[in-house]
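S.K.: need coordinates for the below:
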Amino acid sequence: MNSRNLKERVQREVERFEEIEQKLSSPEVSQDPSAFKELSRQHSRLSARIEPLRKYLNFLTQLDQSNELLRDDSADPELKEMAELEKQDLENSLEEMRDEVETMLIPPDPNDGKSVIVEIRAGTGGDEAGLFVGDLLKMYTRFCEENGLRVEPIYYAETELGGFKEVTFSVEGKRAWEFLHKEAGAHRVQRIPVTESGGRIHTSAVTVSVLPEAEEEDLEIEEKDLRVDVFRASGAGGQHVNKTESAVRMTHIPTGIVVSCQDERSQLKNRAKAMKVLRARLLELREEERHAQEAAAKKEQVKSGDRSERIRTYNFPQGRVTDHRIGYTAYNLNELMEGDMQDLLDAVVQAEKEEKLKQLQEN
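M.R.: Here you go, the predicted structure:
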């Protein structure tokens, strides 16, 4: 973007930060927990970058003063010489800061800092797809453990060969959304299945969904809209799973959304976890409806979640992983499946930032 537009955007961002600070100190906001929490979240996002933005504006002001002095025919020659040197230094500093400042102006993701709900489901490929669901579960779990994120299982439906038809788990931590939100989509695996006697390579697929965890104030769910069924948990879990009806299946009647939880021994705890997943899915549904309305208004297609898009291929014979969205290819598949995902995720996040910056400049 040109210098004038950049300056105007920086000024608006600084003014927005100052406005938020004023609101946070007002009695009206302090008495409204929901508004206070949201403004505090915005303040936290902006405070980390406000000083560089103010510094950029300060340099622009100094540059204007230097130019004004250079245009003054009555000014002292020595002062004008100093102003010329200062002008060159300021212009160099501003040019060096430009990319950083533009990046800071990218609108923050409203879900940054939130924990997430991850759902992995087997797609085409039968038992092999189910086994790969388990492989991805292990990959994400190890990555999260290495990065200080807490993984908590919610629901799993096992297959006879030790894989999963689907798994649901939560990931808690400030960087959970940042690291994992771009994992949503179709993941394709190419390898020789354990059930293949002829040594042929098969292609299977699983889908991954990543939902931001919704706060209670984000979405109100009425009890009359819920049907809750209890049943005995199945699968791993020892003798307990066959003794009590602690598992919970929760149906949201208006939308038909069904969620299940069988991880806890307590029916109440399973109900709380199921409600957490349901709230996240309903929030996602609301966002999808909003995107659809925006798309209709703009007469263009807006994708939500990219779930139907093949985002990545894991080729085991070649030891290769390819992310099709950004053209990323690496030959460290074994390490990746053990949770060494940082290089790949950094590349995906960087590509997302570059795309947002491009949109910012175009707008």
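
S.K.: hmm, who's touching stretch 54-65?
M.R.: Stretch 54-65 is contacted by residues 7, 10-11, 14, 86-87, 90-91, 93-94, 97, 101 when judged by Cβ atoms under 8 Å, 6 or more residues apart in numbering. Where you see a C-beta, it was placed from the backbone N, CA and C, and this is true even at glycine.

S.K.: list just the nearest of these to Arg200.
M.R.: Val101 (54.5 Å; Cβ to Cβ).

S.K.: pLDDT value on the closest one, please?
M.R.: You'll see Val101 listed with a pLDDT of 90.

S.K.: I'd guessed it sits against Leu53; true?
M.R.: Yes. Here Val101 reaches Leu53: they are 6.6 Å apart, a contact under Cβ atoms under 8 Å.

S.K.: intersection of neighbour lists for these two?
M.R.: What both Val101 and Leu53 touch, as defined by Cβ under 8 Å, 6+ apart, is the set Val10.

S.K.: which stretches of the stretch 251-363 of the chain have low pLDDT?
M.R.: 291, 293-309, 363 (pLDDT under 70).

S.K.: helices of that one, residue ranges please.
M.R.: In the stretch 251-363 of the chain, the segments counted as helices under DSSP state H, counting those that start in this stretch are 267-298, 333-337, 342-362.

S.K.: what packs against the longest one?
M.R.: What that stands for is helix 267-298. strand 116-122, strand 150-158, strand 164-172, strand 202-212, strand 247-252, strand 257-261 (3 or more Cβ pairs under 8 Å, 6 or more residues apart in numbering; DSSP states H and E).

S.K.: what residues of the next helix or strand after the first one count as buried?
M.R.: Remark: after strand 116-122, the chain's next helix or strand is helix 127-146, criterion DSSP states H and E. Of the residues in helix 127-146, those buried by neighbour count under the rule 16 or more other Cβ atoms under 10 Å are 127-137, 139-144.

S.K.: stretch 56-65 too?
M.R.: In terms of neighbour count (16+ other Cβ under 10 Å), stretch 56-65 has its buried residues at 56, 59-60, 62-63.

S.K.: next: stretch 145-153.
M.R.: 147, 149, 151, 153.

S.K.: can you redo these as a markdown table with distance to His43?
M.R.: Putting those into a markdown table (distance: Cβ to Cβ, whole Å) gives the following:
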| residue | distance to His43 |
| --- | --- |
| Asn147 | 25 |
| Leu149 | 24 |
| Val151 | 30 |
| Pro153 | 34 |
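
S.K.: looking at the helices and strands packed on helix 267-298, which is buried most?
M.R.: With neighbours defined as mean count of other Cβ atoms under 10 Å, the helices and strands packed on helix 267-298 peak in mean count at strand 116-122, which reaches a mean of 23.

S.K.: partner strands of that one, parallel or antiparallel?
M.R.: strand 164-172 (antiparallel), strand 202-212 (antiparallel) (DSSP bridges).

S.K.: can I see the domain layout of this structure?
M.R.: 3-104, 116-217+302-362, 219-298 (automatic domain parsing).

S.K.: go through these and pick out the most buried.
M.R.: domain 116-217+302-362 (a mean of 17).

S.K.: need the strands paired with strand 116-122 in TSV with distance to Pro107 and mean pLDDT, can you?
M.R.: Output for those, formatted as TSV (distance: least, Cβ to Cβ, whole Å; pLDDT from 0 to 100):
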stretch	distance to Pro107	mean pLDDT
strand 164-172	24	95
strand 202-212	16	94
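
S.K.: and of those, who's closest to Glu38?
M.R.: strand 202-212 (14.2 Å).

S.K.: between that closest one and helix 267-298, how many degrees?
M.R.: Orientation of strand 202-212 against helix 267-298 (axes from the mean of the first three to the mean of the last three Cα atoms, to 10 degrees) gives an angle of 90 degrees.

S.K.: need the next SSE after strand 202-212, C-terminal direction.
M.R.: Beyond strand 202-212 in the direction of the C-terminus, DSSP H and E gives the next helix or strand as strand 226-231.

S.K.: report the distance from that following strand to the chain centre.
M.R.: 31 Å (Cα atoms, centre = their mean, to the nearest Å).

S.K.: quick one: mean pLDDT over that strand.
M.R.: 89.

S.K.: other SSEs contacting it?
M.R.: Packing partners of strand 226-231 (3+ Cβ pairs under 8 Å, 6+ apart): strand 247-252.
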